[in-house]
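[1] model this:
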Amino acid sequence: MRGYFPSILALAQSLLRSPDPCVVPFGGHMYRHSFVAFDSYCQQEVVGSLVTHVCSGVGGEVDMALELLCGLVTEKPSEMALYAVFVKGILDYMDNLTPQQIRRLFHLLSRLAFGQQQQGSHIQDDMHIVIRKQLSSTVPKYKRIGIIGAVMIVGSMGAFRPKVKESQNGSLPQETFRQVTALLELVKSSSESSPEAAALYYDELANLILSSALHPQVQEMIGNSVLNDFQEDFVVDLGPEISGPFHFTPRVMYNLEDGETPGIAINLLPLLAKDMQNKGEHSQTKKANKRVSLLCLSPFFRLLRLCEEKQNQGDLDEIDGLLGCPLILTDMDVLEKTESLSKAEREFLCTLLFHTINWLREVINAFCRQKETEMKMKVMTRLQNITYLQTLLERALAGTPGYVPPVANFDGECTDGVLLSSAAPVNKAKKDGTGKKRKASGKNSSESSSQLEEPNEADKSQQEQPEKEKEKEIRQGVSLVSYRPFFRELDMEVLGVLRCGLLSRSLLDSELHTKVQEEVLLGPAELVFLLEDMLRKLEFSLTAAPAKRLPFFKGRADKSVGFSHLQQKSSKDIASYCVQLLPTLCSHLENCHNHFQTLLSENNGVVDGPATDVQEHQLMSSGYQLLLQVLNTTFSWSGFSQPGQRSLLKKALGVLAERLKGGGSELTLEQLVKHSFEYLVNFGSTMPSLSTALCLSQLLSTVSEKGGNPAAYREQTASLAKRFLSQDWVTASGEKERGIKFNEALHTLLRIYLGHVDDVLKAVEEIAGEGITELLNASKDERSASWPTLNRQTFLVFYKVLMSELEKAIRKIPAGKVSDNTEAQREKLLTWNLAVRDFHILVNLVKVFDSRPVLIACLKYGRLFLESFLKLGMPLLDNSFKRHMEDVQSLLKTFQLSTRQLHHMCGHSKIHQDTSLTNHVPALKKCLEQFVYRVKAMLTLNNCQEAFWIGNLKNRNLKGEEILSQRSQGSDEDDDDGEEEEQQCSPLPQDQSEDEAQETDSTNVNREDDVDQDDITDDSD
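    Here you go, the predicted structure:
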């Protein structure tokens, strides 16, 4: 094999660069085996090639190459140490790397330089020089690289190595400990001047403590300094009053401790006021006092919590006071009169709210795994605090346009373009469309829709705001979706809180009698909050890899902001964590189902009964939808198709199947899919909105594909989708569902229906023939009786889907072969007849619905239909003309009516000079022309050419009126379809302006002239 090495290397290189994510790992295997199997020259080439990949700056390629290098350092440390100098070369190309990639690079280099065997010690000095240089830089980007690198080096130098028998009974060598301490001091001192840098240092150190085994000495040193500093900086003892010159009156809030007077509090308002004041005075005194910034509060607490966890084996007793201790804030009633506050005061309030929410998010991260009921109740209460504070924040932001929040994730480009989204929330609001990110996660999520109004109006408008206005306001409102990067990341473990239902504990009064029980419930708002976070995490880490390829122009807003902890977990770990949560998710799903079932039975099947609480209804339906999306994203994970994950897939499906049948451990995959499908179909009866119905349909088709026989479930999926399409969708406030999101969901659902139905052509005819006819006969605001979702507002959605699905369906009709027998030919002809009839119905609708989007759809899909007919339909007509002359003749007659209408549309586009229409005209004209000559060829083949002739046609518009301005151009050869067969040699009625036969004229035909040509429409009925 050694002789083939250059070819192997070249193949591995191109595989690693491949845009197809399936072959990239294969290239990786080739590299790894080449390194292990071949001699040192080849090893050097392999390392050189991988380094080149890393320096390319292309996302997927860099990740894979770094992963391979890390793997090789772990497997073959002594061999890799020889090539450390090559790897060190990457340090010159760090500008293109993401923070996660820089972490991996330094992890790799520090393992080489400071690893156990110290073979790569010759690059230690270079590493120290690079780190010092980066740390002393004043450019934030380089300082960030320096901090990340230094912390990684500390991880390798101070690692705990139990195998090494050291002289000092297992303690670190004095010199190493000194170096570690010195390096940490250096990072600390160089990041003190900038709160962002200090916060990043705390975050990186926390990651290190979480992910690697540090030597107990190093661990302890870090832990002690952290605890003291945190108390000194952020915790205050509560006296009788809080003094200081503040814009707002300080108030001690959100206390969860039982005692009457809490001892300590988190010093939020005073610190923020002081920080703002310091920013105002750029004076010399800044160096003298240590400046404490609230930016560091959450990262510092995360570090403190992880140190405590590591030192006390997960026990947080030392710091559990911080979960329930109050915060020094101000009375939030000031938000009721934001217009009376100055801009600076409004921004101060927003910043205070951001810091408060981020502190609470970090507190939940810390205590979500505690087992005691009391702790769980406090965590749940903190969750409720967050959902409430978010509604306040939405209001505050609405009154503070142009405000940039404090940074919360410090490893990215902090302020570069993160707020693009809030400048253009229009794009963000669209996310609701297919239900990706439903409603800002607030307690009263309907408030997020009335952002730009004054807060007091927001309350009033909650109840009576019609959907249409809501739609409009969501588009221009300030939804928290666009502020996601400014919130601290929640850990995956927080999702364990979903397991809590109702928590309660008994309280004793002063006489030690059991008083009323105190209860905390995971309410709808908290459920939605957690599920939204879960869905974002799953979409980030489980979505199929092709979607993750970088676009040519790199967008400014980095998609991975706020997922840095998640990126350190593999997608397999995340999928298996979701499978563990599945029983809980199913319970929540059943609760939502029961909630809406009860609602329907109480209101005698009416959705918007008088007893409906609009706000609760919205939250419950958001929760219902999010649950279905979470399940869908989990089951759509591409990893399930790998043989190694088959058992995990069976376990996941087993959870769903068990809900229906009970204990089914020995079932086959096929049976599990069947039971899971049956379980999920039951939820179809209580869908609160069309978008939720869509999510259920998508989930069903995802689950059905997991077995070996998805076709078995097509009929059920189609009938369920049809049921949803035939339902009248009404919101809780009694309005009909409508708007962009509704239309998008309808579009996808209709495609699912037509994609799963047995006979697409028949289904298209049913909708176009019956449904649209009913709509035409109904009054203006009425809908079709048999398809209630079809009305004049949604006609375009239906039209586009019908056209595209019809065109897709005819591409699947098998092409005619010469060897086909009469029966087979007849069957194919019948199918084509039906398709052409459907096409004729759809094209003719343009006469009634002549809006621009409908015309564009018709021109676009009309051409595609024609092309498919020429490619697949005409060969069939060639072969079956003699045996089935009548059928062929009627098919062509029907088709001619459609092509004539298409000609009129070309004329219409030309008169109106609308570029969005005329763009489609040349290609369509070309197809129409090809069609004429293709029919001529067919007749010639069947010795029937005398039945064919061409006449000049007048240009007409959509209504069939002649276009006079172009009359003079009548001499341009015009090519309509005056073609027929020997049975009807007489001229057909449609060729009214006949000239002499011009069979030889085909050379004249010129596409530019054709833009003006048109046909006749009067007799198309």
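
[2] show me what the longest helix anywhere in the chain is packed against.
    Across the chain, the helix with the greatest residue count (assigned by DSSP state H) is helix 571-602. Contacts defined by 3 or more C-beta pairs under 8 Å, 6 or more residues apart in numbering; DSSP states H and E place helix 571-602 against helix 524-542, helix 614-635, helix 646-661. For glycine as for every other residue, the C-beta is placed from the backbone atoms N, C-alpha and C.

[3] return the most buried member of the ones you listed.
    Counting by mean count of other C-beta atoms under 10 Å, helix 614-635 has the highest mean neighbour count of the helices and strands packed on helix 571-602, with a mean of 24.

[4] so which elements touch that helix?
    helix 455-464, helix 524-542, helix 571-602, helix 690-704.

[5] that helix to helix 646-661, inter-axis angle?
    140 degrees (axes from the mean of the first three to the mean of the last three C-alpha atoms, to 10 degrees).

[6] tilt between helix 614-635 and helix 571-602?
    140 degrees.

[7] ok now helix 614-635, how far from the chain's centre?
    15 Å (C-alpha atoms, centre = their mean, to the nearest Å).

[8] returning to that earlier point: pick out the shakiest of the helices and strands packed on helix 614-635, pLDDT-wise.
    Among those, helix 455-464 has the lowest mean pLDDT, at a mean of 34.

[9] tell me how many other residues crowd the closest residue to residue 568 other than its chain neighbours.
    Spatially, and ignoring its direct neighbours in sequence, residue 568 is nearest to residue 211 (6.5 Å; C-beta to C-beta, 6 or more residues apart in numbering). Neighbour count of residue 211, defined by other C-beta atoms under 10 Å: 14.

[10] would you confirm that residue 211 contacts residue 567?
    No: using C-beta atoms under 8 Å, residue 211 is not in contact with residue 567; the gap is 11.8 Å.

[11] how far away is the residue most central in space within the chain from residue 150?
    Central residue of the chain (C-alpha atoms, centre = their mean): residue 539, 5.3 Å from the mean position. Going from residue 539 to residue 150 by C-beta to C-beta, to the nearest Å gives 33 Å.

[12] and if you look at residue 765?
    Separation of residue 765 from residue 150 (C-beta to C-beta): 70 Å.

[13] next one: residue 903
    Residue 903 is 73 Å from residue 150, by C-beta to C-beta.

[14] surely residue 70 and residue 110 touch.
    No: taking contacts as C-beta under 8 Å, residue 70 lies outside contact range of residue 110: 11.3 Å.

[15] these two - which one has more neighbours?
    residue 110 (25 against 16).

[16] what's near enough to touch that one?
    127, 149, 152-153, 155-157 (C-beta atoms under 8 Å, 6 or more residues apart in numbering).

[17] repeat that for 6 Å
    Neighbour list for residue 110: 152-153, 156 [criterion: C-beta atoms under 6 Å, 6 or more residues apart in numbering].

[18] swap in residue 634?
    residue 578.

[19] same question, residue 733
    Counting by C-beta under 6 Å, 6+ apart, residue 733 touches residue 614.

[20] disregarding flanking residues, what is the spatial nearest neighbour of the residue nearest to the centre of the chain?
    Nearest residue to residue 539, sequence neighbours excluded (C-beta to C-beta, 6+ apart): residue 633, at 5.9 Å.

[21] torsion angles phi and psi at residue 329?
    Phi and psi for residue 329, reported as degrees, to the nearest 10, are phi -120, psi -150.

[22] 40 is where my numbering starts, stick with that
    In the new numbering, first residue 40, that becomes residue 368.

[23] what distance do you get for it to residue 424?
    Residue 368 is 11 Å from residue 424, by C-beta to C-beta.

[24] repeat that for residue 562.
    From residue 562 over to residue 424 the distance is 12 Å, taken as C-beta to C-beta.

[25] ok, now residue 249?
    25 Å.

[26] which one of these two has more residues nearby?
    Between residue 249 and residue 424, residue 424 has the larger neighbour count (other C-beta under 10 Å), namely 19 against 16.

[27] list the buried ones in the helix or strand hosting that one?
    Taking DSSP states H and E as the criterion, residue 424 maps to helix 412-437. Going by neighbour count (16 or more other C-beta atoms under 10 Å), the buried part of helix 412-437 is 413-437.

[28] cool, stretch 888-907 as well?
    So for stretch 888-907, counting by 16+ other C-beta under 10 Å, buried means 888, 893-907.

[29] ok, back up a step: and the average pLDDT for the helix holding residue 424 is what?
    Here the average pLDDT along helix 412-437 is 90.

[30] for that helix, packing partners?
    Helices and strands touching helix 412-437, by 3 or more C-beta pairs under 6 Å, 6 or more residues apart in numbering; DSSP states H and E, are helix 382-406, strand 541-547, helix 563-581.

[31] what pLDDT, on average, does the second one get?
    Taken as a whole, strand 541-547 carries a mean pLDDT of 63.

[32] likewise for stretch 98-117?
    88.

[33] identify the residues contacting that stretch?
    55-56, 63, 67, 70, 74, 89, 92-93, 119, 140, 143, 147, 150, 154, 158, 589.

[34] same deal with stretch 135-143?
    Stretch 135-143 has contacts (C-beta under 6 Å, 6+ apart) with 96, 101, 105, 184, 187, 450, 606.

[35] quick revisit: residue 804 and residue 189: which has the busier surroundings?
    Set residue 804 next to residue 189 and count neighbours by other C-beta under 10 Å: residue 189 wins out with 29 against 19.

[36] now stretch 811-825 - C-alpha only, CSV.
    Provided in CSV are the C-alpha atoms of stretch 811-825 (Å, rounded to 0.1, in the frame of the first residue of the first chain):
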residue,chain,number,x,y,z
ILE,A,811,-62.3,26.1,-6.2
THR,A,812,-65.7,25.9,-8.1
GLU,A,813,-67.5,26.2,-4.7
LEU,A,814,-65.3,29.2,-3.9
LEU,A,815,-66.2,30.9,-7.2
ASN,A,816,-69.9,30.5,-6.5
ALA,A,817,-69.5,31.7,-2.9
SER,A,818,-69.8,35.3,-1.8
LYS,A,819,-66.7,37.5,-1.3
ASP,A,820,-65.8,36.6,2.3
GLU,A,821,-67.1,33.0,2.2
ARG,A,822,-65.0,29.9,1.9
SER,A,823,-65.3,26.6,0.0
ALA,A,824,-67.7,24.3,1.7
SER,A,825,-65.7,21.0,1.2
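
[37] and it, how far out from the chain middle?
    The answer for stretch 811-825 is 36 Å, by C-alpha atoms, centre = their mean.
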